[in-house]
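> okay, sequence plus prediction incoming.
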Amino acid sequence: MAKVHVAIAGVGNCASSLIQGIEYYRRAPAGSLAGLMHDDIAGVSPGDLEFVAAFDVDRRKVGRPLEEAVFAEPNCARVFNGQLPLSGTEVLMGPILDGVAAHMADHPEQEAFRPASLLPVDVAKALTDSGADVLICYLPVGSEQAVAHYAEACIQAGVALVNCVPVFIASDPVWAKRFTDAGLPVIGDDVKSQLGATIVHRQLARLFADRGVTVDRTYQLNTGGNTDFLNMLARERLASKKHSKTDAVQSQLDAPLAPRDIHIGPSDYVPWQRDNKVCFIRIEGRGFADIPIELELRLSVQDSPNSAGVVVDAVRCAYLARNRGLAGPIEAPSAYYMKCPPRQMRESDARASTEAFINE
């Protein structure tokens with residue numbers, strides 16, 4: 001089997017769940033691969049991912065082995081595989097730039113950001129030295145400058161990018177051209193969790209439309225207690241996140257709703273929820289003879305493992321694209337795995353196109 005050398009920018013809860021999960025499936029008995037969207041992509045299984053570089057800015061993680069750093073505070077993802085093997089990978093100091101909201105330092109030790117005092121490394125050189133094939137960007141929402149820094153480093157180092165955050169790289173024409181010109185694939189933007197708020201809301205919105213029910217209004221409210229939700233208390237950092245999540249749902253409607261009739265976005269930070277995310281969805285519509293129809297749904301998930309189930313596929317698709325010599329945004333996997341891809345598709349079309357991409 002091929003080994004996919006993976007780098008991670010941001011050793012937070014999502015990274016913790018992904019790294020635990022890779023080892024979980026590496027040890028799993030043959031045939032017991034429940035929870036995966038694909039157990040094999042072009043001969044690469046989840047256990048074939050190897051983490052060769054990692055970057056963070058918190059003093060409790062920087063300088064520590066990756067297999068220890070994923071369990072350091074303020075991470076609060078569920079520990080389902082606490083015995084990780086030695087990785088040989090030390091977490092390096094990345095550039096802070098705008099990667100941390102100012103208010104993050106004002107919270108208790110187990111919740112907040114604590115900056116490391118080291119100088120940042122040369123990210124492009126570190127990627128080159130590590131032999132990374134793909135970089136996963138897990139930076140906080142609103143990290144426009146920091147995400148751009150890692151995207152630039154990927155181009156310099158010849159590394160594919162999976163952009164899991166709502167800073168627009170794959171869906172931005174300028175960045176898309178730069179990755180195309182560099183001969184590198186990019187999958188993005190903003191990961192769509194395996195069975196999360198966005199995918200459920202999208203499917204329900206499409207169901208209304210397919211069954212001839214007019215959608216008049218809808219909202220999606222989310223609460224959680226991890227650092228993602230704490231970061232998003234800084235509302236000025238949310239413009240791209242709200243755009244990403246709203247566009248993901250609007251794209252499934254035959255006629256987009258007016259801004260006043262759709263509200264999608266983070267709602268509040270509830271510390272004791274930790275990595276548990278609770279989503280509330282409401283859709284109001286009209287069916288036959290304009291008779292009202294209302295739907296309300298509550299969804300509760302462990303947020304970080306829910307995203308890991310998608311990222312393990314997206315990384316393998318990026319690696320596959322790289323090996324095939326493809327460059328720029330990879331449309332089908334981006335549409336299937338991300339909220340804000342370069343081209344939105346209906347979920348069934350995105351899935352079929354991704355299967356075709358994998359099997360071609």
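In hand now; what should we look at?

> now the helices for this structure?
Remark: helices assigned in the chain by DSSP state H are 13-27, 66-69, 123-130, 144-157, 173-182, 197-210, 227-231, 239-250, 303-323, 331-337, 347-359.

> farthest residue from the center of this protein?
Ranked by distance from the centre of the chain (C-alpha atoms, centre = their mean), the top residue is Ala289, with 41.4 Å.

> quick one: contacts for that one?
For Ala289, the contact set (C-beta atoms under 8 Å, 6 or more residues apart in numbering) is empty. Every C-beta, even on glycine, is put in place using the N, C-alpha and C of the backbone.

> save the helices of the chain as TSV, and put in mean pLDDT too.
Shown next, in TSV, are those (pLDDT from 0 to 100):
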stretch	mean pLDDT
helix 13-27	96
helix 66-69	98
helix 123-130	98
helix 144-157	98
helix 173-182	98
helix 197-210	97
helix 227-231	92
helix 239-250	92
helix 303-323	97
helix 331-337	98
helix 347-359	97
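
> those helices: which one's closest to Phe113?
Proximity of the helices of the chain to Phe113 was assessed by C-beta to C-beta; the nearest stretch is helix 227-231, lying at 7.6 Å.

> from the middle of its chain, how far away would the closest one be?
Taking C-alpha atoms, centre = their mean, to the nearest Å, one finds helix 227-231 lying 14 Å from the centre of the chain it belongs to.

> got JSON lines for the helices of the chain, with distance to Val4 and mean neighbour count too?
Shown next, in JSON lines, are the helices of the chain (distance: least, C-beta to C-beta, whole Å; neighbours: other C-beta atoms under 10 Å):
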{"stretch": "helix 13-27", "distance to Val4": "10", "mean neighbour count": "23"}
{"stretch": "helix 66-69", "distance to Val4": "16", "mean neighbour count": "20"}
{"stretch": "helix 123-130", "distance to Val4": "13", "mean neighbour count": "19"}
{"stretch": "helix 144-157", "distance to Val4": "15", "mean neighbour count": "21"}
{"stretch": "helix 173-182", "distance to Val4": "18", "mean neighbour count": "16"}
{"stretch": "helix 197-210", "distance to Val4": "25", "mean neighbour count": "19"}
{"stretch": "helix 227-231", "distance to Val4": "25", "mean neighbour count": "23"}
{"stretch": "helix 239-250", "distance to Val4": "26", "mean neighbour count": "20"}
{"stretch": "helix 303-323", "distance to Val4": "5", "mean neighbour count": "24"}
{"stretch": "helix 331-337", "distance to Val4": "15", "mean neighbour count": "26"}
{"stretch": "helix 347-359", "distance to Val4": "15", "mean neighbour count": "15"}
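
> quick one: closest of those to Ile136.
Between Ile136 and the helices of the chain, the tightest spacing by C-beta to C-beta is seen for helix 303-323, at 6.3 Å.

> tilt between the closest one and helix 347-359?
50 degrees (axes from the mean of the first three to the mean of the last three C-alpha atoms, to 10 degrees).

> export helix 303-323 to CSV, keeping only CA atoms.
The C-alpha trace of helix 303-323 is given here as CSV (Å, rounded to 0.1, in the frame of the first residue of the first chain):
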residue,chain,number,x,y,z
ASP,A,303,-18.1,17.6,16.5
SER,A,304,-14.5,16.6,15.8
PRO,A,305,-14.9,12.9,14.9
ASN,A,306,-17.8,13.9,12.7
SER,A,307,-15.4,16.0,10.6
ALA,A,308,-12.6,13.4,10.7
GLY,A,309,-14.8,10.9,8.8
VAL,A,310,-14.8,13.3,5.8
VAL,A,311,-11.2,14.5,6.0
VAL,A,312,-9.8,11.0,5.8
ASP,A,313,-11.4,10.7,2.4
ALA,A,314,-10.5,14.3,1.3
VAL,A,315,-6.8,13.7,2.0
ARG,A,316,-6.8,10.5,0.0
CYS,A,317,-8.6,12.2,-2.9
ALA,A,318,-6.0,15.0,-2.8
TYR,A,319,-3.2,12.4,-2.9
LEU,A,320,-4.9,10.6,-5.7
ALA,A,321,-5.2,13.8,-7.7
ARG,A,322,-1.6,14.7,-7.1
ASN,A,323,-0.5,11.3,-8.3
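
> I'd assumed Tyr269 was in contact with Met232.
Yes: between Met232 and Tyr269 a contact is recorded at 7.4 Å, counting by C-beta atoms under 8 Å.

> spatially nearest residue to Gly212 (excluding sequence neighbours)?
Nearest residue to Gly212, sequence neighbours excluded (C-beta to C-beta, 6 or more residues apart in numbering): Gly287, at 7.2 Å.

> look up the closest residue to Val147, ignoring the ones flanking it.
Val167 (3.9 Å).

> so that neighbour versus Leu161, what's the distance?
11 Å (C-beta to C-beta, to the nearest Å).
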